[in-house]
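[1] fold the following, please.
(2 chains)
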Amino acid sequence: MKRYLELFLVFFKIGAFTFGGGYAMIPLIRNEVVKKKNWLEDDEFMDMLAIAQSMPGPMALNTALFVGNKRFGFKGSLFSGLGIILPSFITILFIAIIFTQFKNNPIVERIFKGIRPAVVALIAAPLTGLSKSAGISRKNAWIPFLVVIAVWLLKISPAYIIAAAILSGILYPIYLKKRIKR
Amino acid sequence: MKLIELYVALFLSFFKIGLFGFGGGYAMLPLIRHEVVDAHPWISINDFTDIVAISQTTPGPIAFNSATYVGYAAVSNMGFSTFQGILGSAICTLAVSLPSFVIMTLICAFFFKVKNNPPVRSTLSVLKPTIIGLIASAALMLINKANFIDYKSWIIFGTVFLASLQKIDPILLIALSGVAGILLYH
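    The predicted model follows:
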């Protein structure tokens, strides 16, 4: 029981101190999981990151579940998962209860008038760096363009786009194999 | 709409978000928006942008944050009690996490055996550029009249965009934009 509690507490801490989520939390997780606790080797950690990033769902949750499961089985993943979920659940619930009552307050409204365009800028600014790390080149630049047209202009649900991307990824090697055989 | 129907609809939407939410963070925004603003009348587009802002200044991934927030807001906006809203939050948070639980359990059992097989690798090579497209869509769809009310909005946008490229902490930028909002709008 003690080790499950330890697992819960480590991921609770990670969940409570990672702002902005995603990439910002990688050094923090590595410090706890690899250096302090020795739950994973460094190369296992890198493999795990690749998996957590390429699977659906929040990377933080996937990472927590992986570590919990790898070290302490399915029951371990329940504790690590709960640990990573709870801090944001408590915080946002608190904010939601308060915010739904105060959002028509004129000062709150002015604050958010300033924040809204800033949010858009914060989403747009990292795009160039991300494109590089995703390996965007002249050969595959049509994919993000097509996605933008489908999602932004045609308002097609991104769920279909993701499903189509997965399907074409699975079918393409099969198609290549058949062509080589001919 | 009956409360139980609302709970089921919320559960299904957030399960879908968890299942198809590849790329994490911003890449999930178009999907979340589609479910909670366009496909269902749960929150307004202004509320949605505000959740993204709140998400950037509070701990935890945006998928959890929006699940917790929308679960509460959708239920309480329809006139149900605070406790019923909290239950809505819990249902949405559970729903968005469930696909990860199933998938990661399977992965831990099988993935290392299939990591280098061609379909898995080529799927990843298609997903990565798709995710870039989704993030770009997230930015484009938030450029609308609700978020950009006048030229001052564009000044804030430009300033934050440039500051963000200089790797200035996003939490600080959001706080400063809030201050700018108080000063610029009367």
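[2] okay, CA-based contacts and neighbour counts for the rest of this
    Fine.
[3] how far does stretch B:67-79 sit from the chain's center?
    How far stretch B:67-79 lies from its chain's middle: 15 Å, per CA atoms, centre = their mean, to the nearest Å.
[4] so for that stretch, what gets flagged as buried?
    B:67, B:68, B:69, B:70, B:71, B:72, B:73, B:74, B:75, B:76 (16 or more other CA atoms under 10 Å in any protein chain shown).
[5] now do the third one against residue A:136, distance only.
    Just to be clear, that refers to residue B:69. Here residue B:69 is placed at a distance of 34 Å from residue A:136 (CA to CA, to the nearest Å).
[6] looks to me like residue B:167 is in a helix.
    No. Counting by DSSP: H, G, I helix; E, B strand; the rest coil, residue B:167 is not part of a helix but coil.
[7] ok, it - how many residues close by?
    10 (other CA atoms under 10 Å in any protein chain shown).
[8] which residues sit in contact with it?
    If a contact means CA atoms under 8 Å, 6 or more residues apart in numbering or on different chains, then residue B:167 has no contacts.
[9] could you pull up phi and psi at it?
    Per-residue torsions, residue B:167: phi 60, psi 30 (degrees, to the nearest 10).
[10] ok, and which of the buried residues of stretch B:67-79 reach chain A?
    The subset of these within reach of chain A, by CA under 8 Å from any CA of the partner chain, is B:68, B:69, B:72, B:73.
[11] continuing past the host helix or strand of the first one, what's the next helix or strand?
    Read that as residue B:68. Counting by DSSP states H and E, the secondary-structure element that holds residue B:68 is helix B:62-77. Later in the chain than helix B:62-77, the nearest helix or strand by DSSP H and E is helix B:82-114.
[12] mind checking how far that following helix is from the chain centre?
    16 Å.
[13] and that helix, what other elements does it pack with?
    helix A:59-102, helix B:3-20, helix B:62-77 (3 or more CA pairs under 8 Å, 6 or more residues apart in numbering or on different chains; DSSP states H and E).
[14] residues contacting residue B:99?
    So residue B:99 contacts A:56, A:57, B:15, B:18, B:19 (CA under 8 Å, 6+ apart).
[15] neighbour count and pLDDT for those residues - can I get that in TSV?
    What follows is the contacts of residue B:99, written out as TSV (neighbours: other CA atoms under 10 Å in any protein chain shown; pLDDT from 0 to 100):
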residue	neighbour count	pLDDT
A:56	23	85
A:57	33	85
B:15	24	96
B:18	28	92
B:19	21	92
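[16] hmm, which helix or strand of chain B has the shakiest average pLDDT?
    Ranked by mean pLDDT, DSSP states H and E, the weakest helix or strand in chain B is helix B:118-142, scoring a mean of 83.
[17] in chain B, which ranges drop under the pLDDT threshold?
    B:1, B:111-116 (pLDDT under 70).
[18] tell me the domain ranges of it?
    B:3-144, B:148-186 (automatic domain parsing).
[19] deepest of the ones you listed, which one?
    domain B:3-144 (a mean of 21; mean count of other CA atoms under 10 Å in any protein chain shown).
[20] now that domain, how far from the centre of its chain.
    The answer for domain B:3-144 is 6 Å, by CA atoms, centre = their mean.
[21] okay, how far is it across it, tip to tip?
    Using CA to CA, the distance between the terminal residues of domain B:3-144 is 32 Å.
[22] how does chain A divide into domains?
    A:2-102, A:136-181.
[23] what about the longest one, near chain B?
    In this case it means domain A:2-102. Yes. Domain A:2-102 is in contact with chain B by CA under 8 Å from any CA, via A:15-22, A:53-62, A:65-66, A:69-70, A:74, A:84-85, A:87-89, A:91-93, A:96-97, A:100.
[24] among those residues, which ones are buried?
    A:15-22, A:53-62, A:65-66, A:69-70, A:74, A:84-85, A:87-89, A:91-93, A:96-97.
[25] excluding sequence neighbours, find me the nearest residue to residue 71.
    All of this refers to chain A. For residue A:71, ignoring the flanking residues on the chain, the nearest one in space by CA to CA, 6 or more residues apart in numbering or on different chains is residue A:39 at 6.5 Å.
[26] oops, chain B please
    Residue B:71 sits nearest to residue B:89 (CA to CA, 6+ apart), 4.0 Å away.
[27] so what's the one you found up against?
    A:93, B:67, B:68, B:69, B:70, B:71, B:72.
[28] what's the distance between the last one and residue B:9?
    For residue B:72, the distance to residue B:9 equals 14 Å [CA to CA].
[29] repeat for the fourth one
    Counting by CA to CA, the gap from residue B:69 to residue B:9 is 15 Å.
[30] just the pLDDT at residue A:4, thanks.
    We have a pLDDT of 93 for residue A:4.
[31] same deal with residue A:24?
    pLDDT, residue A:24: 60.
[32] and the contacts of stretch B:25-40?
    With CA under 8 Å, 6+ apart, stretch B:25-40 has contacts from A:21-22, A:58, A:123, A:151, A:157-159, B:13, B:17, B:21-22, B:42-45, B:48, B:61-63, B:66, B:70, B:131-132, B:134-135, B:137-138.
[33] from start to finish, how long is it in a straight line?
    21 Å.
[34] who are the neighbours in contact with residue B:102?
    No contacts exist for residue B:102 under CA under 8 Å, 6+ apart.
[35] go with 10 Å
    Residues near residue B:102 by CA atoms under 10 Å, 6 or more residues apart in numbering or on different chains: A:65, B:19.
[36] if I look at it, how far off is residue B:109?
    11 Å.
[37] over to residue A:126?
    Applying CA to CA to residue A:126 and residue B:109 gives a distance of 35 Å.
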